[in-house]
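S.K.: Any chance you could fold what I've pasted below:
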Amino acid sequence: MDSEKKEVRIVKANRLLQAKVGIGPVDEKKIAKSQKLIDNHGVDFLPLAEVYIAELEQALEELAKDSSNQEEAIAKLTGPVMQLKANAAMFGYDLVGSMSNIMLNFLETIEKIDRDVLEIAKANHKTLQLILNNDMKGDGGPFGKELTTELKEACKRYFAKKASAGDDIDDKDAFFIDG
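M.R.: Sure thing, here's the model as predicted:
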């Protein structure tokens, strides 16, 4: 730990949200009404997911040709994966959310795009596409567990390979323990 002292900045809380909703517990009727609205929203996730899957596919194709700008390359992959992660569980696609979460952690941890990263990302893309094409809602049961475990293991193998090649990777496989 640095011996330098860092100045602590205190940020005063904004009470705007509290002013809108009040203080104390939320009325159970309002919670039930909100939950019913969420459960019966009638919005189909698949068209939205298809947009993100297409963006991911396009990014993979572009990066297979040129990934010279590493920061931009990682961002191209991260964006659609982040959107899938953020939206999937809300629509009942827990497996898509879990797979996207693992991939997002991986992409946020790597420092550059190489052939192995692209292979892992392509395999994840194909898996997500199959899950969505088969309208697999929920966590996928034992099959879903197998898929998430294999993705975590692929990420761990990537970091193990980098470590054996002498790359400084810290303890990055810790990101994939609970994925």
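S.K.: all helices of the protein, in order?
M.R.: 16-21, 28-39, 45-65, 70-88, 94-109, 115-133, 141-164 (DSSP state H).
S.K.: for the longest one, the distance to its chain's centre please.
M.R.: For helix 141-164, the distance from its own C-alpha centre to the chain's C-alpha centre is 15 Å (C-alpha atoms, centre = their mean, to the nearest Å).
S.K.: ok, the most centrally placed residue in the chain to Asn124 distance?
M.R.: What sits nearest the mean C-alpha location of the chain, by C-alpha atoms, centre = their mean, is Asn101, with 3.1 Å. Taking C-beta to C-beta, to the nearest Å as the measure, Asn101 falls 11 Å from Asn124. All C-beta spots, glycine's among them, are computed from the backbone N, C-alpha and C.
S.K.: quick revisit: doesn't Lys85 make contact with the residue nearest to the centre of the chain?
M.R.: Yes - using C-beta atoms under 8 Å, Asn101 is in contact with Lys85, at 5.1 Å.
S.K.: residues near Gln129, how many?
M.R.: Residues near Gln129, counting by other C-beta atoms under 10 Å, number 16.
S.K.: Just the CA atoms from the worst-scoring helix or strand of the chain on mean pLDDT would do, formatted as CSV, please.
M.R.: Among the helices and strands of the chain, helix 16-21 carries the lowest confidence by mean pLDDT, DSSP states H and E, at a mean of 72. This file holds the C-alpha atoms of helix 16-21, laid out as CSV (Å, rounded to 0.1, in the frame of the first residue of the first chain):
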residue,chain,number,x,y,z
LEU,A,16,-33.9,14.5,-4.8
LEU,A,17,-35.0,10.8,-5.1
GLN,A,18,-35.9,10.7,-1.4
ALA,A,19,-38.1,13.8,-1.9
LYS,A,20,-39.9,12.1,-4.7
VAL,A,21,-40.6,8.8,-3.0
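S.K.: Show me how far it is from its chain's centre.
M.R.: 30 Å.
S.K.: which residues sit against it?
M.R.: Applying C-beta atoms under 8 Å, 6 or more residues apart in numbering, helix 16-21 has no contact partners.
S.K.: and the gap between Glu61 and Leu118?
M.R.: For Glu61, the distance to Leu118 equals 10 Å [C-beta to C-beta].
S.K.: which stretches of this protein aren't confidently modelled?
M.R.: Applying pLDDT under 70 to the chain flags the ranges 1-6, 11, 13, 17, 169-179.
S.K.: cutoff 90 now
M.R.: 1-28, 30-45, 64-74, 89-91, 109-112, 162-179 (pLDDT under 90).
S.K.: residues in contact with Ile74?
M.R.: Leu107, Ile110, Lys112, Ile113.
S.K.: on that earlier part again, out of Glu61 and Leu118, which sits in the busier spot?
M.R.: Leu118 (17 against 10).
S.K.: Could you pull up the contacting residues of the more buried one?
M.R.: Leu118 touches Leu60, Leu63, Ala64, Ser67, counting by C-beta under 8 Å, 6+ apart.
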